[in-house]
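Student: Sequence first, then the predicted structure, then my questions.
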Amino acid sequence: MLSGVRLLLLATLFMPFANLSAQSSGLSRVEAAVKSLAQDPDMRSANWGLAIRDAQSGRLLFGYESERNLATASTMKAVSTATALGVLGPNFRFETRIEYVGSLSSDGVLEGDLIIRGGGDPTLGSDRFGKPYQMATIFYDWAQKVKQAGIKEIQGRVIGDEGTYSSQLTPGNWGWEDMGNYYGAGAGGLNVHENLYRLDLKPGARTGDRTKVLRTDPEIPRIQFYNELTTGRPGSGDNAYIYGAPYTYGRYLRGTIPAGVSSFSIKGSIPDPALFCADQFKEVLQACEVAVVGQANTSRRLKLMGENLPEKGKLVHRHFSPTLADIVIPTNMKSINLYAEALANQVAQAREGDNREVGEAMKKYWQSQGVNTRGMYLRDGSGLSPNNQLSTGQLSAILCKVYQSGYYQSFNQSLPVAGKSGSLSRMMRGTKAANNLRAKSGYISGVRSYTGYVEDGQGRTLAFTFIVNYFSGSSGQMRNKMANIMALMAN
């Protein structure tokens, strides 16, 4: 018979593991692999956790440190897309309105302003949803609607109204290294062209040579580049960063681009998307023979000068985004930060009437659905913030609630498939997880994470979350170690 001391020692040794009915549940090989990973030298500095649940019942089948709070990286998008589907519904569409204020004469002269009322649509002018949603098509269509409304000349301004959300485009805890780049664009009340531009650069002939700025596409009025980029060795890839805050037009270029190519492109964030939208639409109106006398402007800039826009104008046109069920697919499949932030904004607006506390709004929603949110800290919708903290137990519990909901199919279809699509396209090929396991991945410096579903050998759907923070070794090595364990779940 074991003594009390020996029993205590054994309990302490296996304390990180929970619900170890692995022999009966078919998870014994997962248990063995997790114990082996815990002894890996690369994990000595790591905080990590794994939770596997029966998706139908929500029961925890296996857990390793499943209550430990961890940084999420882009698995946070699984939370924001699931929350948006639950709060707004798969058929929700963002709306953008074209209105005018002032008086319109019988000969077509508008003594007033034309307003683009943003509704937070992150897909406005995007190339991802076909020609009807592209920027050139939309602006031309809008111009025709303006002409059909009898407007031939605008004595006032074209104004981009982003006031449906707060003026803070990016969460306050995003990094300086991120904000000037396309993935750090943030989301406002009026977004366009995914708030990004392409910057074409010419490298020097040799490593260490200076580089040259060629052009932006589209052209960004007012932007100014301070180019400190140098030329890297041939084949060294994109090691360039664009530094700059929202609403500011000075952009510092730092890092390297590779030698051996005639030009090299990187992507940056548009400084003021609402102003860019107003600028571009004004140009299209004039090309369509609608004269505009005043300068393009935005509701934010006017408010700073003491002018508030009227809350309502005369409606000219309503533009709708694709459905939310369509939007969550690229959000998770391509891991688009802008889309995730816009969805989180809309959830907060719908539930709280204010988009400034997106994390709290999402947390409250899952608490109302029966998820234990104690200790959960949510700071953005995309996972770019290093301050997001939740446990694998909590995120896997959210996925169980999704599985039990009416919008599960819309959510599940948005997740990359092992061996087939998205960030998992080259992972777990030749295993039972291939074409079976679906998961959102996450990666920021020091963080690797996966969360999703897999059908096991017993025909059950498992909901799982696997997060590792502060590991040693390369990110690729950590990915492979995690993939080995995820593949075992399908057995």
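Tutor: In hand now; what should we look at?

Student: Could you report the distance from the closest residue to residue 95 other than its chain neighbours to residue 254?
Tutor: Leaving aside its sequence neighbours, residue 95 sits nearest to residue 119 (CB to CB, 6 or more residues apart in numbering; 4.5 Å). All C-beta spots, glycine's among them, are computed from the backbone N, C-alpha and C. Going from residue 119 to residue 254 by CB to CB, to the nearest Å gives 36 Å.

Student: Comparing the two, which residue is more hemmed in?
Tutor: Counting neighbours by other CB atoms under 10 Å for residue 119 and for residue 254 shows that residue 119 has the greater number, 24 against 16.

Student: Looks like the more buried one contacts residue 164 (just checking).
Tutor: Yes: under the criterion of CB atoms under 8 Å, residue 119 makes contact with residue 164 at 5.9 Å.

Student: shared neighbours, those two?
Tutor: Listed as contacting both residue 119 and residue 164 by CB atoms under 8 Å, 6 or more residues apart in numbering are residue 189.

Student: Contact partners for residue 451?
Tutor: 75, 78, 392, 395-396, 399, 439-440, 464-467.

Student: so after the helix or strand containing it, what's the next helix or strand?
Tutor: Element membership of residue 451, judged by DSSP states H and E, is strand 447-455. Once strand 447-455 ends, the next helix or strand along the chain (criterion: DSSP H and E) is strand 461-469.

Student: Just give the strands next to that following strand in its sheet, each with its orientation.
Tutor: Applying DSSP bridges, strand 461-469 is found paired with strand 47-54 (antiparallel), strand 447-455 (antiparallel).

Student: Can you report the mean pLDDT over the residues of it?
Tutor: Summarised as a single mean, pLDDT over strand 461-469 is 98.

Student: now swap in stretch 85-95 and tell me
Tutor: Rounded mean pLDDT across stretch 85-95 is 98.

Student: ok, and what's touching that stretch?
Tutor: For stretch 85-95, contacts defined as CB under 8 Å, 6+ apart pick out 84, 119-124, 318-325, 328, 342, 346-347, 350-351, 365, 369, 402, 405, 407, 410-411.

Student: Let's see which of those end up in strands.
Tutor: Counting by DSSP state E, these place 318-320 in strands.

Student: Torsion angles phi and psi at the residue most central in space within the chain?
Tutor: What sits nearest the mean C-alpha location of the chain, by CA atoms, centre = their mean, is residue 337, with 2.2 Å. Note on residue 337: backbone dihedrals following degrees, to the nearest 10 are phi -60, psi -40.

Student: ok, and the closest non-adjacent residue to it?
Tutor: Of all residues beyond its chain neighbours, the one nearest residue 337 is residue 382 (3.9 Å), with distances taken as CB to CB, 6+ apart.

Student: who touches the one you found in this structure?
Tutor: Contact partners of residue 382, counting by CB under 8 Å, 6+ apart, are 74, 76-77, 80, 337-338, 340-341, 344.

Student: same thing but at 7 Å, please
Tutor: 74, 76-77, 337, 340-341 (CB atoms under 7 Å, 6 or more residues apart in numbering).

Student: Doesn't it lie inside a strand?
Tutor: No: counting by DSSP: H, G, I helix; E, B strand; the rest coil, one finds residue 382 to be coil, located in no strand.

Student: Retrieve the pLDDT associated with it.
Tutor: For residue 382, the pLDDT comes out at 98.

Student: which residues touch the residue nearest to the centre of the chain?
Tutor: By CB under 7 Å, 6+ apart, the contact set of residue 337 is 183, 382, 384.

Student: For burial, what's the neighbour tally of the last one?
Tutor: The one in question is residue 384. 25.

Student: now swap in residue 191 and tell me
Tutor: What residue 191 shows, counting by other CB under 10 Å, is a neighbour count of 34.

Student: Equivalent analysis for residue 318, please.
Tutor: Neighbourhood size, residue 318 [other CB under 10 Å]: 13.

Student: Residue 199 bridge partners, please.
Tutor: Taking DSSP bridges as the rule, residue 199 bridges to residue 216, residue 266.

Student: For it, give me its contacts.
Tutor: 216, 265-268 are the contacts of residue 199 under CB under 7 Å, 6+ apart.
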